[in-house]
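*Asks:* Fold the following and give me the result.
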Amino acid sequence: MIRKLQSCLRSFMAFAGAFLVAVGCLTATTAVAESWHTSYIRWIYPQADGSVILTFVTDSSSCPHTGSPKYHLIKVGSNGVTAEGVKNMLSVALLAKGMGQLVSIAFTENGECSINRLLISD
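*Replies:* Numbering: from 1, shown residues only. Reported below is the predicted structural model:
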C-alpha cells in the first residue's frame, strides 16, 4: 500500500513539474518587451485621471502607436508605476522641458507605451 502511494505521489510530482514548466513557457512568451528612448519632450499632457502623456520631438520606433507624435503614458498601476512615481516623473519631465534637456525613458512596447523610468540625459 505504501509503495502504491509513493508511486502515485511520484507520478503526481512529475505531472505537476511538467505543468509548471508549461505555464512558465506560456508566461514567458506573453511578456512585453522593454525599450529605452532618448529625445526632447514635445508635449506634457496631464489627464483628469492623474495619468500623464508625454510626446517627443523624435518618435520611438519601438512604440507601436501609429499617430504622430506617438503618445507615451505614465499611469498608476501601468508597468509597476505608483502614484508617487507619476508625481516624480512629472516633476522630472517638467524640469527637463523647461531647461530644454534631453530625457531618456524606459517603456513597454505594449499598446500604451507605458513609461516606468525617466531621467534627464546629458
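
*Asks:* shaky segments in the protein?
*Replies:* Scanning the chain with the threshold set as pLDDT under 70 gives 1-31.

*Asks:* change it to 90
*Replies:* Within the chain, the ranges that satisfy pLDDT under 90 run 1-33, 65-68, 109-112, 121-122.

*Asks:* Show me where it has its strands.
*Replies:* Secondary structure of the chain (DSSP state E): strands located at 34-39, 41-46, 52-56, 72-74, 103-108, 115-120.

*Asks:* So which of the ones you listed is nearest residue 82?
*Replies:* For residue 82, the closest of those is strand 115-120, at 10.0 Å, according to Cβ to Cβ. (C-beta placed from N, C-alpha, C; glycine too.)

*Asks:* ok, and what's touching the closest one?
*Replies:* Applying Cβ atoms under 8 Å, 6 or more residues apart in numbering, the external contacts of strand 115-120 come out as 54, 72-74, 79-81, 85, 89, 92-93, 95-96, 99, 101-108.

*Asks:* Just name the most buried of the strands of the chain.
*Replies:* Taking mean count of other Cβ atoms under 10 Å as the contact definition, the stretch among the strands of the chain with the greatest mean neighbour count is strand 72-74, which reaches a mean of 25.

*Asks:* Give me the residues contacting that one.
*Replies:* Residues lying outside strand 72-74 but in contact with it, judged by Cβ under 8 Å, 6+ apart, are 37, 51-56, 60, 63, 81, 85-86, 89-90, 105, 107, 112-115, 118.

*Asks:* hmm, 6 Å instead?
*Replies:* Contacts to strand 72-74, defined as Cβ atoms under 6 Å, 6 or more residues apart in numbering, come from residues 52, 53, 54, 86, 89, 107, 112, 113, 114, 115.
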